[in-house]
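K.L.:
model the following, please.
(one chain, ligands or ions: 2)
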Amino acid sequence: MSTPTITHVRAFTVRGGGADYHDQDHGHWIDDHIATPMSKYPEYRQSRQTFGLNVLGTLVVEIEASSGEVGFAVTTGGDIGAWIVEKHLARFVEGQKVTDIEKMWDQMFNGSLFYGRKGIVLNAISGVDLALWDLLGKVRQEPVYHLLGGAVRDELQFYATGARPDLAQQMGFIGGKLPLHHGPAEGEEGLRKNLELLADMRQRVGDDFWLMYDCWMSLDVNYATRLAQKAQEFGLKWIEEALPPDDYWGYAELRRNVPKGMLVTTGEHEATRWGFRMLLEMGCCDIIQPDVGWCGGITELIKISALADAHNALVVPHGSSVYSYHFVITRHNSPFAEFLMMAPQADKVVPMFNPLLLDEPVPVNGRMKVPDRPGFGVRLNPDCALTRPYSR
Ligand SMILES: C[C@H](O)[C@H](O)[C@@H](O)[C@@H](O)C(=O)O
Ligand SMILES: [Mg+2]
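P.N.:
Numbers count the residues shown, from 1 in each chain. Ligands and ions are numbered 1, 2, ... in the order given. Purely as a prediction, here's the structure:
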């Protein structure tokens, strides 16, 4: 039987949640005075949407095979991502065999190297790559995790990211990651508030439940060091993305500074095996957290994960719904996964990319068996209006 070839690549955009999960209505915990590199400007301190965190929107990539199957994937990227896919990357995919994912990835990456390397171009490449894996799974009638070598454990276990670790504990999650609300620009009072929140949550959850802080690139080495040292009293398990992604030197210093036993994590805004090689070889962190929709897709995450394994580092992908679930279940050095609590008050479990994906699995009691449906096992919600801004 001949191998199907790719006949069409199509790129769409959609607004309102979905893969651009920061694109939420007013009043959501994920946009409530969270510290960022923009917090030094008071006008941008209350809401990340004010400086455009949700400016991109969701990119939907659809890839159709000569045999009729259609693979798709969603990531953060919007119109810019759609342009890159339709005007540039599609030429490396249309006409190729559905199996030749490695070659297509290499051509997409090297063909865009003169303006890509990281950022939105890697988001677009990731979107195409994930759609290719979804398509291959549908052609082969296998879930993606089978194509990656199969499960190494029966089910996934999750920590929850959100404003209510106390509620996450009651829902069966293994830990709760809080967003940091105050950065250096808010001085000692802000630091005190950060510690007061952690102390309150520790008092609510008891001594054994993991508590972490996600600092979303907002700090400097001194502030992060002081926060970590003071947070040890409240059993902070890890301090996440304390510094801007390119400050490899700062992360290496922070990792030397934090109390013994406290973990340093980062990587959600890093991309490709080369970016993660820098983090690993410079001793920047204990856990890398690539987002599979931003780092280069599954094809690149396989390489990143092997590199991390050789460095005895854990790989806990940044929350990216089914795209990380199908990977994490297949890797020994990915013992747990992230679940972003997308309910506005973080008080109930709703699908991470809500409302965009039908059949999107969610943890029950903090655990999940990855569904055996072909590809990534999800469908686009027909009620979500797609726009194809650069149709060919
Ligand atoms: C909660 C954090 O501020 C981000 O919004 C979150 O998307 C990311 O950093 C994470 O690790 O989930
Ligand atoms: Mg994070």
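
K.L.:
relative to ligand 2, how far out is the spatially closest residue to Thr3 that is not a sequence neighbour?
P.N.:
In space, Thr3 comes closest to Lys97 once its chain neighbours are excluded; the distance is 4.6 Å by Cβ to Cβ, 6 or more residues apart in numbering. For glycine as for every other residue, the C-beta is placed from the backbone atoms N, C-alpha and C. As for Lys97, its distance to ligand 2 is 37 Å (criterion: Cβ to the ion, to the nearest Å).

K.L.:
ok, how many other residues are close to Lys97?
P.N.:
As a burial measure, Lys97 scores 16 neighbours (other Cβ atoms under 10 Å).

K.L.:
could you do the one 4 residues further on as well?
P.N.:
Residues lying near Ile101 (other Cβ under 10 Å) number 21.

K.L.:
now it. Nearest residue, chain neighbours left out?
P.N.:
Leu132 (5.0 Å).

K.L.:
which strand or helix spans the one you found?
P.N.:
Taking DSSP states H and E as the criterion, Leu132 maps to helix 119-140.

K.L.:
the residue nearest to Ile101 contacts Val93, doesn't it?
P.N.:
Yes - with contact defined as Cβ atoms under 8 Å, Leu132 reaches Val93; the gap is 7.4 Å.

K.L.:
any shared contact partners between the two?
P.N.:
Counting by Cβ atoms under 8 Å, 6 or more residues apart in numbering, the common neighbours of Leu132 and Val93 are Ile63, Met104.

K.L.:
who has more neighbours, these two?
P.N.:
Taking other Cβ under 10 Å, Leu132 and Val93 do not tie; Leu132 has more neighbours (28 against 24).

K.L.:
for ligand 2, see how far away that one is.
P.N.:
Distance, Leu132 to ligand 2, by Cβ to the ion: 27 Å.

K.L.:
Ser126 now?
P.N.:
As judged by Cβ to the ion, Ser126 and ligand 2 stand 17 Å apart.

K.L.:
I'd say that residue and Gly297 touch.
P.N.:
Yes - contact criterion Cβ under 8 Å: Ser126 and Gly297 qualify, at 4.1 Å.

K.L.:
give me the more crowded residue out of the two.
P.N.:
Comparing Ser126 with Gly297 by neighbour count (other Cβ under 10 Å), the higher total belongs to Ser126, at 34 against 27.

K.L.:
how many neighbours does Tyr41 have?
P.N.:
Other residues near Tyr41 number 12, with proximity taken as other Cβ under 10 Å.
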